[in-house]
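> Predicted model and sequence below, questions to follow.
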Amino acid sequence: MIPFSVLDLSPVVRGATPGDALRNTRDLAIHAEALGFHRYWLAEHHNMTGIASAATSVVIGYVAEATKMIRVGSGGIMLPNHAPLVIAEQFGTLASLYPGRIDLGLGRAPGTDQGTARALRRAMGPSDDRFPDDVLELQRYLGPLQPGQTVRAVPGMDTQVPIWLLGSSLFSAQLATHLGLPFAFASHFAPDLMMQALHVYRTMFRPSDVLQKPYAALGINVVAADTDEDARHLFTSQQQAFWNLRRGAPGQLPPPVHSMEGVWTPMEKAQVDHALSCAIVGSGDSVRDGLAQFIERTQADELIITAQVFDHEARKRSYSIVAEQRERLAGVAA
């Protein structure tokens, strides 16, 4: 059975603080490690009151310190916001403190609105033009010292922190094939090009010193509970949050509602349902069937599971159910 991992957006639920969210993140990471999840990723977002992981490398250190074996990393660092040397130093530091456990997933979007992107003080030109060069520069800083190299990442040099490329389109899939890097697709919120991106990545992949064959991980929303009805109730928090983001009014994660009727229009519902079409929501049996079908359809090498659930204990329970169903799937596969 393929590995299952976690993507945690460190949600700030309505009425709570970012400190509460970060402490919940640490607690969930400890829980995920005990359940056997493979890696625990955090994502860079800015100017969003419902997400506490803006200082992503700091939160990665907080999680890595509280755990022992699970890989911890970014899903991802939005590289256009940063100088590659700074990211090399940050992740080189993390790799020096927690050797063999740190991942560096890279995205090319700003992870925020345009005004906030300007406040991050990076050039605002098309990221497509600079992103490949920035990735190559970052690889050099994390690799061995080259003859004549005068600028070094300390810590960072020769740490060989694994780099992943993240994307929701074909651009990063194509770049990952060219550089021979692992690829993670954001099917948890942008599923339209998922199958096409996987095809491009797998058919065009060029082996590299770090990866001999393509390795594709897929993001997927999974909300599990004791019954299908309970899971659908929990999922309404994410549905509300996603629509609020789409209409330009992001905020703290709202509590679940008994029905979305009256909360959105039929057109709004159709838009959210489409964006979250890969979501698996239900009881253990429903989740197992959904996961089996998704893995069969995509032939994913790994699933990176996210769950925006208002109640922290219910979110932990959701991941427990997912872990239970993975074991049952593994038994069937054996």
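In hand now; what should we look at? Numbers count the residues shown, from 1 in each chain.

> Secondary structure of Arg130: a helix, I assume?
Yes. Per DSSP: H, G, I helix; E, B strand; the rest coil, Arg130 lies within a helix segment.

> just checking, it touches Pro80?
Yes. If you go by C-beta atoms under 8 Å, Arg130 and Pro80 touch, sitting 7.0 Å apart. (Glycine included, C-beta is placed from N, CA and C.)

> any idea how far Arg14 lies from Leu234?
In this view, Arg14 and Leu234 are 15 Å apart by C-beta to C-beta, to the nearest Å.

> Next: Gly156.
From Gly156 across to Leu234, the span is 41 Å (C-beta to C-beta).

> looking at this protein, which helix or strand does the model trust least?
Each helix and strand of the chain was given a mean pLDDT (mean pLDDT, DSSP states H and E); the minimum falls on helix 114-119 at a mean of 78.

> Take that one, keep the C-alpha atoms, and write them as CSV.
The C-alpha trace of helix 114-119 is given here as CSV (Å, rounded to 0.1, in the frame of the first residue of the first chain):
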residue,chain,number,x,y,z
GLN,A,114,-1.4,40.8,-5.0
GLY,A,115,-1.2,43.6,-2.4
THR,A,116,0.4,41.3,0.1
ALA,A,117,2.7,39.9,-2.5
ARG,A,118,4.0,43.4,-3.1
ALA,A,119,4.5,43.8,0.7
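
> SS state for the closest residue to Ala275 other than its chain neighbours?
Nearest residue to Ala275, sequence neighbours excluded (C-beta to C-beta, 6 or more residues apart in numbering): Phe189, at 5.8 Å. Put simply, Phe189 is coil when judged by three-state DSSP.

> check contacts around Phe189.
By C-beta atoms under 8 Å, 6 or more residues apart in numbering, the contact set of Phe189 is Ser168, Gly219, Phe242, Ala275, Leu276.

> before we move on, which element is the residue nearest the centre of the chain in?
Closest to where the C-alpha atoms of the chain average out (C-alpha atoms, centre = their mean) is Gly75, at 3.8 Å. Using DSSP states H and E, Gly75 falls within strand 71-78.

> Show me what that strand is packed against.
Under the contact criterion of 3 or more C-beta pairs under 8 Å, 6 or more residues apart in numbering; DSSP states H and E, strand 71-78 touches strand 39-42, helix 56-66, strand 102-107, strand 163-167.

> Pipe the ones you listed into JSON lines and attach distance to Ser283 per row.
Listed next are those as JSON lines, based on distance: least, C-beta to C-beta, whole Å:
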{"stretch": "strand 39-42", "distance to Ser283": "25"}
{"stretch": "helix 56-66", "distance to Ser283": "29"}
{"stretch": "strand 102-107", "distance to Ser283": "31"}
{"stretch": "strand 163-167", "distance to Ser283": "31"}
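
> out of the ones you listed, which comes closest to Leu303?
For these, the distance to Leu303 is smallest for strand 39-42, at 10.9 Å, taking C-beta to C-beta.

> which outside residues touch the closest one?
Residues from elsewhere that reach strand 39-42 (C-beta under 8 Å, 6+ apart): 3, 5-10, 25, 29, 32-33, 53, 56, 59-60, 63, 67, 70-76, 103, 105, 304.

> Alright, calling it a day.
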